[in-house]
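S.K.: sequence and predicted structure below; questions after.
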Amino acid sequence: MLFFILRRSGVMVLTALALTFVVFFMTNLTPNLEKLAKSEASVRMSDDQVASWLDSHGFTRPLLARYGEWLGVVPGWTHTDASGRVTGRCIGPDRAADAAPARCGVLQGEWGQSSVFKRPVSEILARSLGHTGWLMLWVMLVMVPTALLIGVLSGMREGTATDRILSTFAIATTATPEYVSGVILIVVFGSATAGISPILAEWGWISGRTLFQGTATSAMTKITFWNFGLPVITIALYGIGYIARMTRASMTEVMTQQYIRTARLKGVSFAQIIVKHALRNALIAPFTVIMLQFPWLLNGVVIVETLFNYKGFGWTLVQAAGNNDIQLLLACSVVAVLVVLVTQLISDIGYVFLNPRIRLS
Amino acid sequence: MDPLTWPLILAKMAVQFVPVWIALGLTFALSWHYRRRLGLYGQLYDSSVGRLGFAIVMFWVFTALFADLIVTHDPLAQLSGMKNALPGAPVKGSEGTWYLLGGDNLARDVFSRMVMGARRVLIIAPAATVIAFMVGITLGLPAGYFGGKLDTALSFIANLVLAFPVILLFYLLVTPEIRVTGIPTALAAVLFLFPVIFVAVLLNSRYFTNPPRRNLYVGASLALGLWAYSGLAFNMDPTGLWSMDPNLLNVFVSVVFVNAPTVFRIVRGIVLDLKSRDYVAAGQTRGEGPWYIMLWEILPNARGPLIVDFCLRIGYTTILLGTLGFFGLGVSPESADWGSTIDDGRRLLAIYPHPAVVPALALMSLVLGLNLLADGLREESMRD
């Protein structure tokens, strides 16, 4: 087991290095750097000026060396200009040239400076991840129990009316991407002119103009049911269908097993069979699915945070990518890649723990 | 003129869709009559889920085909006074025409844009899925069949792409700057080569024993394939018949790139399962080449799960294309595709919901149809 985890972690680190290198390469393409030079220094720079700016800011060094600098395994660049002033990667306004460390990269915990927000990347990232953490927590709290309940209810008696209705619901939600369900939910619950809000307002059942709020901006300071409900449901809906279908498939399979029949013949009640015998075995497969759902949730988070204007991780990623904020985008991609890889690892290890039939060697 | 009421709007839309109803009716009547002779497609008509899904999908396919007959206005025309017009609003200055589903914030007809958007979505999504399948099959078959180092290397690359958050990949791949660097063209050069290789190897392994025929088929497919390849990947087709807008190429390539590794994993898994079957051993004993066994023995037996996944994957690709449009990546602002129309409409969502809701419902119904169709196919293909 230990060897398995070690090997998987080794592959994971290798994958993470390869992926971050790809992102580094893609964000540090020449056109992006030229755009950065123009936005940082002056828009009306000539090509020569751009080249010299890039040179004096360490962007002309070989790509691998720059990747090493960013990672923190290669000493940062230094540049001495005509007047003898020394600038460098690790030298900043609050750190003199002689006091600066040789290496400063991600490994040293230095993520650089965001060019859009003009603040340290680590600060922006910490705040946005905090916001997204709350969103994910509520999504998980809504999504997982609902999905498992739907899956178990429709899988325990295959082919009944309950099964058909719940399965149709599950298919419908998997066919509705977040940008569609979000739009529809806003129109139905969060619009002052359409949906149910005008009717409710007319009856005097709600004090405001809309039932739910169409944006989640206020949820960044205080989360309430009314400003956070729609974004959470939007992300959860898409996942519910998928997890429910997987649970249903696994539940129907378990229900045909011999030990279920034996339990029935012994005279155990149906509810007891479901809770004591079927659920334990039926919930192994959904566990993997839930873990592997994280990468897709990341997609949902980006869409929903953009749609509801909630300044979390996804919103930050979009801002970084849209405004050519290289350091911030790199940091965002490290987080995204790590989330994907760690959940894959957990799902593999968890699967082995839950299912004793799997042997590793 | 008065604005139309909802029953009238629906009736007028139904009239506009008459070509679609006729085509749908003909398809269903003919297929129902001959369903016992049509194999898996005919069996589809035995399941109600499959019939419903197929009807929805074909509705959109025919809408895309007859889009020119269905639209009521030019989808790009901006008529004065129709900005954010409500559904059923009469067009000012021309008697007897309405904006059936209202106007968007640039005073264009939402209904016509939705219909035209179907055409764009239904060309790109299936085409990208086909290419992704060709890439996945061409790489997945040998990876599963031969195993070893080839399998390890290809699987590592596939996992690498799969571990990449889709949205980040899109933001990196589908930007105007990246076109300057030639990365999309290079990716296209690699990805578009696989269909050519696939068809050539397919025909070569089949007609290997009959050289004149083999030369004819392989030569013809190579000539045709490389002709299309030069036009699509490099935009260097001398006749100009095959060409792709660079924006579209960007979008297309990234969608294929995201989908191909999943197909690879599915194909590889199926091959690992099937290669221990007796008919594979029989082929090996007969002295058949590995590619013949892979393409003409294993692949036809793997068709069930592959067809099902193909349907699901078109839906997934549609969602991906919509995501790209939603973030305004790689599409022209004029474009009527559903994703970017939703993005346009969401800015005024709380006041004028119709410009965003119409394409949203269209996209949802198409993906739902594809999902139902896949379910029906799965049900029927499991039966035999």
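M.R.: Sure thing, it's come through. Every value quoted in this text rests on a predicted model; they were computed, and no experiment measured them. Numbers count the residues shown, from 1 in each chain, chains lettered A, B, ... in the order given.

S.K.: for B:Phe156, give me its contacts.
M.R.: Residues near B:Phe156 by Cβ atoms under 8 Å, 6 or more residues apart in numbering or on different chains: A:Thr15. The way it works is simple: take the backbone N, C-alpha and C, and place the C-beta from them, glycine included.

S.K.: assign it to helix, strand or coil.
M.R.: Following DSSP: H, G, I helix; E, B strand; the rest coil, we place B:Phe156 in the helix state.

S.K.: distance of it from B:Ile197?
M.R.: With distances taken as Cβ to Cβ, to the nearest Å, B:Phe156 is found 21 Å from B:Ile197.

S.K.: likewise for B:Gly147?
M.R.: Noted for B:Gly147: a distance of 21 Å to B:Ile197, by Cβ to Cβ.

S.K.: ok, A:Pro145 next?
M.R.: Distance from A:Pro145 to B:Ile197, by Cβ to Cβ: 48 Å.

S.K.: now swap in A:Gly72 and tell me
M.R.: According to Cβ to Cβ, A:Gly72 and B:Ile197 sit 42 Å apart.

S.K.: which of these two has more neighbours?
M.R.: Neighbours were tallied for A:Gly72 and for B:Ile197 using other Cβ atoms under 10 Å in any protein chain shown; the higher tally belongs to A:Gly72 (19 against 14).

S.K.: pull the number of nearby residues for the residue nearest to that one when sequence neighbours are not counted.
M.R.: Once flanking residues are discounted, A:Gly72 sits nearest to A:Gly105: 2.5 Å by Cβ to Cβ, 6 or more residues apart in numbering or on different chains. Neighbourhood size, A:Gly105 [other Cβ under 10 Å]: 21.

S.K.: and what of A:Met1?
M.R.: 10.

S.K.: you'd agree it is up against A:Arg8?
M.R.: No. Using Cβ atoms under 8 Å, A:Met1 is not in contact with A:Arg8; the gap is 10.7 Å.

S.K.: what residues does the stretch 101-250 of chain A have near chain B?
M.R.: With Cβ under 8 Å from any Cβ of the partner chain as the criterion, the stretch 101-250 of chain A comes near chain B at residues A:171-172, A:174-177, A:179-180, A:183-184, A:186-187, A:190-195, A:210, A:214.

S.K.: which of those fall within helices?
M.R.: A:Ile171, A:Ala172, A:Thr174, A:Tyr179, A:Val180, A:Val183, A:Ile184, A:Ile186, A:Val187 (DSSP state H).

S.K.: the fifth one contacts B:Ala362, doesn't it?
M.R.: Translated: A:Val180. No. Shown here, A:Val180 and B:Ala362 do not form a contact pair, counting by Cβ under 8 Å, at 9.4 Å.

S.K.: neighbour count: those two, which is higher?
M.R.: Of the pair A:Val180 and B:Ala362, A:Val180 is the one with more neighbours under other Cβ under 10 Å, namely 29 against 21.

S.K.: now do the more buried one against B:Leu372, distance only.
M.R.: For A:Val180, the distance to B:Leu372 - Cβ to Cβ - is 17 Å.

S.K.: please apply the same query to B:Gly102.
M.R.: B:Gly102 sits 29 Å away from B:Leu372 when distances are taken as Cβ to Cβ.

S.K.: can you find the helix or strand of the chain with the lowest average pLDDT?
M.R.: Picking chain A for this. Taking mean pLDDT, DSSP states H and E as the measure, strand A:86-88 is the helix or strand of chain A with the lowest mean score, a mean of 73.

S.K.: meant chain B, my bad for not saying
M.R.: Using mean pLDDT, DSSP H and E, helix B:176-181 stands out as the lowest-scoring helix or strand of chain B, at a mean of 75.

S.K.: now tell me what touches it from outside.
M.R.: Contacts to helix B:176-181, defined as Cβ under 8 Å, 6+ apart, come from residues A:Met26, A:Leu29, A:Thr30, A:Pro31, A:Asn32, A:Lys35, B:Leu172, B:Pro184, B:Pro246, B:Asn250.

S.K.: what sits against residue 38?
M.R.: No chain was given, so I picked chain A. Taking Cβ under 8 Å, 6+ apart, one finds A:Met45, A:Val50 in contact with A:Lys38.

S.K.: hmm, no, I was thinking of chain B.
M.R.: Contacts for B:Leu38 (Cβ under 8 Å, 6+ apart) come out as B:Ser31.

S.K.: next, give phi and psi for it.
M.R.: Phi and psi for B:Leu38, reported as degrees, to the nearest 10, are phi -110, psi 10.

S.K.: now do the same for it: its pLDDT.
M.R.: The score at B:Leu38 is 80. That number is its pLDDT.

S.K.: just B:Ser221 next, same as before
M.R.: Note for B:Ser221: predicted pLDDT of 91.

S.K.: and A:Gly105, how close does it get to A:Met220?
M.R.: Relative to A:Met220, A:Gly105 is positioned 30 Å away (Cβ to Cβ).

S.K.: with B:Gln16 instead?
M.R.: Taking Cβ to Cβ, one finds B:Gln16 at 45 Å from A:Met220.

S.K.: where does chain B have low pLDDT?
M.R.: B:1, B:330-333, B:383-384 (pLDDT under 70).

S.K.: the longest helix in it is where?
M.R.: helix B:110-146.

S.K.: touching, A:Pro101 and A:Arg89? I think so.
M.R.: No. Using Cβ under 8 Å, A:Pro101 makes no contact with A:Arg89, being 10.1 Å away.

S.K.: more crowded one of these two?
M.R.: Neighbour tally, A:Pro101 and A:Arg89, criterion other Cβ under 10 Å: the higher count belongs to A:Arg89, 23 against 13.

S.K.: apart from its chain neighbours, what residue comes closest to that one?
M.R.: A:Gly76 is the one closest to A:Arg89 (Cβ to Cβ, 6+ apart), at 3.1 Å.

S.K.: ok but that neighbour is inside a helix, no?
M.R.: No. When classified by three-state DSSP, A:Gly76 is found to be coil rather than part of a helix.

S.K.: B:Arg346: neighbouring residues, count only.
M.R.: 21.

S.K.: over to B:Arg206?
M.R.: As a burial measure, B:Arg206 scores 17 neighbours (other Cβ under 10 Å).

S.K.: was I right to think it contacts B:Tyr292?
M.R.: Yes. Between B:Arg206 and B:Tyr292 there is a contact under Cβ under 8 Å: 7.2 Å.

S.K.: how far away is A:Ile235 from chain B?
M.R.: Distance, A:Ile235 to chain B, by Cβ to the nearest Cβ, to the nearest Å: 13 Å.

S.K.: that residue: what's it in contact with?
M.R.: A:Ile235 makes contacts with A:Leu135, A:Val139, A:Met143, A:Glu178, A:Leu297, A:Gly300, A:Val301, A:Val304, as judged by Cβ under 8 Å, 6+ apart.

S.K.: distance to A:Gly109 and neighbour count for those - can I get that in JSON lines?
M.R.: Listed next are the contacts of A:Ile235 as JSON lines, based on distance: Cβ to Cβ, whole Å; neighbours: other Cβ atoms under 10 Å in any protein chain shown:
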{"residue": "A:Leu135", "distance to A:Gly109": "26", "neighbour count": "26"}
{"residue": "A:Val139", "distance to A:Gly109": "29", "neighbour count": "23"}
{"residue": "A:Met143", "distance to A:Gly109": "33", "neighbour count": "25"}
{"residue": "A:Glu178", "distance to A:Gly109": "33", "neighbour count": "28"}
{"residue": "A:Leu297", "distance to A:Gly109": "27", "neighbour count": "25"}
{"residue": "A:Gly300", "distance to A:Gly109": "30", "neighbour count": "27"}
{"residue": "A:Val301", "distance to A:Gly109": "25", "neighbour count": "26"}
{"residue": "A:Val304", "distance to A:Gly109": "30", "neighbour count": "28"}
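
S.K.: which ones among those are found in helices?
M.R.: A:Leu135, A:Val139, A:Met143, A:Glu178, A:Leu297, A:Gly300, A:Val301, A:Val304.

S.K.: residue contacts, the third one?
M.R.: Contacts for A:Met143 were tallied using Cβ under 8 Å, 6+ apart; they are A:Ile235, A:Ala236, A:Gly239, A:Ile240, A:Ile243.
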